[in-house]
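Peer 1: please work out how this folds:
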Amino acid sequence: MYRKRILILGSTGSIGRQTLDIVQNHPDKLVVAGLAANHNWRLLAEQAEQFAVTDVAVADERAAGELRDVAAALEVYAGPDGLDNLVRNSRPDLVVAAISGVAGLVPVMTALEQRCDVALANKEPLVAAGELVTTAARRAGAQLLPIDSEISAVFQCMQGEQPSSIEKVLLTASGGPFASYTKEQLSAVTANQALKHPTWQMGPKVTVDSATLMNKGFEIFELKWLFGLEFDQIEVVIHHQSIIHSLVQFRDGSLLAQLGLPDMRLPIQYALFYPERVPSDLERPDLAATGSLTFAAPDTDKFPCLRLAYQAGRSGQSYPAVLNAADEIAVKLFLASKIGFADMARFIDQALQEHEPHPIGDLADVQAADTWAREYVTALAANRR
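Peer 2: Now for the predicted structure:
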């Protein structure tokens, strides 16, 4: 029996580790073709040994050298081209893209050029280069499968439906840890506080983005490009219980929702086996025990990142790439305690205001906007200090 070959980009992160859990539970259906990490070579080596993997990539060249010293049997790809070479040489059927930031864009494009399906866990490729990515997928006849729980919910609700039948999507958000905070309280939030999400266990970047609602802003780009929606067709609603992962409202007035406990293994498994649903031992929701399910409108005055995402999306051209890069740098500065919580939105806003937009025709155009935004926000922080 043929086993699907899975390449995991970002195997040492939260999504990568949970993906490997699913592979371990289905050894008759899945096999790991390759693994990639940023710098955690020790865990990567353990994963490679456990899953009998010979091809790996480490973005950090020093870490890659350390791995080569202790694991001579491994083919270790390193540096800027390492991920690209791993995608080309490991012969995967499906690439799980779970690398935080825009670093995941090039290997995603490479996978699509190789006519390989891609399961997207990181949002940045569709934020910074949505049209390029979806065009490449169409040309190759490859599938883009969402792993993000809310986007997977829409994908599941759309099975057997036509995209043209969508009236709007209700994109749910947990609200993060600071939903009840005042603007004054938000200004004093620390990185340690922001990293304590009330519902989900995620990496530091996406956890901070969830706290600012930028994570939800990025998801509107996923919905636009994966389902051909206009931004006006996407409505964000706060749903603290995180049981309903999103809803689709159709032109006839029907509303379909996907429900489940907040466990990323569910959307990961759906993407790995699509279009088949396979059994799992995941906990089932108990709606009677859950009680009420509540909804509220987001407060974009307290959380302006969501408004900035809509603004960049509607403006188009290179603005989304700037939004993505400005946020990435702002979050890094916040996690390093170099700027405050509210400064992140302010810096991103300033970058969008000062940017001179240009069309996005290829990856070089994305890179130009990305580089400009990173340098601009870094300079803003340096001047502020």
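
Peer 1: for the chain, which residue occupies the most central location?
Peer 2: Asn122 (2.2 Å; C-alpha atoms, centre = their mean).

Peer 1: surely that residue and Val96 touch.
Peer 2: No - counting by C-beta atoms under 8 Å, Asn122 sits too far from Val96 to count as a contact (9.9 Å). Yep, even glycine has a C-beta here, placed from its N, CA and C like the rest.

Peer 1: and Ser280, how close does it get to Leu67?
Peer 2: Distance of Ser280 to Leu67, given as C-beta to C-beta, to the nearest Å: 33 Å.

Peer 1: so the two - more neighbours on which side?
Peer 2: Between Ser280 and Leu67, counted using other C-beta atoms under 10 Å, Leu67 has the larger neighbour count: 24 against 16.

Peer 1: so what's the residue count around the closest residue in space to that one that isn't next to it in sequence?
Peer 2: Using C-beta to C-beta, 6 or more residues apart in numbering and skipping residues adjacent in sequence, the residue nearest Leu67 is Trp41, 4.0 Å away. By other C-beta under 10 Å, the residues close to Trp41 number 26.

Peer 1: which ones are touching Trp41?
Peer 2: Listed by C-beta atoms under 8 Å, 6 or more residues apart in numbering, the contact set of Trp41 reads 58, 60, 63-64, 66-67.

Peer 1: and the pLDDT for the residue lying closest to Ser337 once chain neighbours are set aside?
Peer 2: What sits nearest to Ser337 in space, not counting adjacent residues and going by C-beta to C-beta, 6+ apart, is Ala191, at 6.1 Å. Here, the pLDDT recorded for Ala191 equals 91.

Peer 1: tell me how many other residues crowd Ala191.
Peer 2: Applying other C-beta under 10 Å, we find 17 residues neighbouring Ala191.

Peer 1: what separation do you get for it and Ala351?
Peer 2: Going from Ala191 to Ala351 by C-beta to C-beta gives 21 Å.

Peer 1: now for His239: which residues touch it?
Peer 2: By C-beta under 8 Å, 6+ apart, His239 lies in contact with 172-175, 293-295.

Peer 1: now the buried members of the residues you listed.
Peer 2: Neighbour-count burial (16 or more other C-beta atoms under 10 Å) is assigned, among the contacts of His239, to 172-175.

Peer 1: quick check: the residue nearest to the centre of the chain vs Val133, distance?
Peer 2: Applying C-beta to C-beta, the value for Asn122 to Val133 is 12 Å.

Peer 1: so what's the residue nearest to the centre of the chain up against?
Peer 2: By C-beta under 8 Å, 6+ apart, the contact list for Asn122 reads 10, 97-101, 104.

Peer 1: let's see that with 10 Å instead.
Peer 2: Contacts for Asn122 (C-beta atoms under 10 Å, 6 or more residues apart in numbering) come out as 9-10, 13, 15, 96-105, 108, 147-148, 203, 205-206, 218.

Peer 1: what's the helix or strand for it?
Peer 2: Secondary structure from DSSP states H and E places Asn122 outside every helix and strand.

Peer 1: state the pLDDT value of it.
Peer 2: We note a pLDDT of 91 for Asn122 in this prediction.

Peer 1: which ones are touching the nearest residue to Leu195 once chain neighbours are set aside?
Peer 2: Among residues not flanking Leu195 along the chain, Thr207 sits closest, at 5.4 Å (C-beta to C-beta, 6+ apart). Shown in contact with Thr207 (C-beta under 10 Å, 6+ apart): 14, 176-177, 191, 194-197, 200-201, 215, 331, 335.

Peer 1: now a PyMOL select for only the buried ones of the residues you listed.
Peer 2: To isolate the buried members of the contacts of Thr207 in PyMOL, using 16+ other C-beta under 10 Å:
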select buried, resi 14+176+177+191+194+197+200+215+331+335
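
Peer 1: may I ask you to name the longest helix in the chain?
Peer 2: Counting residues, the longest helix found in the chain (DSSP state H) is helix 363-384.

Peer 1: what helix or strand is Ser11 on?
Peer 2: Under the criterion DSSP H and E, no helix or strand holds Ser11.

Peer 1: number of residues surrounding it?
Peer 2: Counted with other C-beta under 10 Å, the neighbours of Ser11 add up to 29.

Peer 1: just the pLDDT at it, thanks.
Peer 2: pLDDT, read off for Ser11, is 97.

Peer 1: now for the spatially closest residue to it that is not a sequence neighbour: which residues touch it?
Peer 2: Leaving aside its chain neighbours, Ser11 sits nearest to Leu35 (4.1 Å; criterion: C-beta to C-beta, 6+ apart). Contacts of Leu35 were listed using C-beta under 10 Å, 6+ apart, and they are 6-12, 16, 20, 43-45, 47-48, 51, 53, 55-58, 74, 86, 90.

Peer 1: just the ones of the residues you listed in helices?
Peer 2: Per DSSP H, the contacts of Leu35 map to helices at 16, 20, 43-45, 47-48, 86.

Peer 1: just the buried ones out of those, please.
Peer 2: Here, 16+ other C-beta under 10 Å leaves 16, 20, 44-45, 47-48, 86 buried among the ones in helices among the contacts of Leu35.
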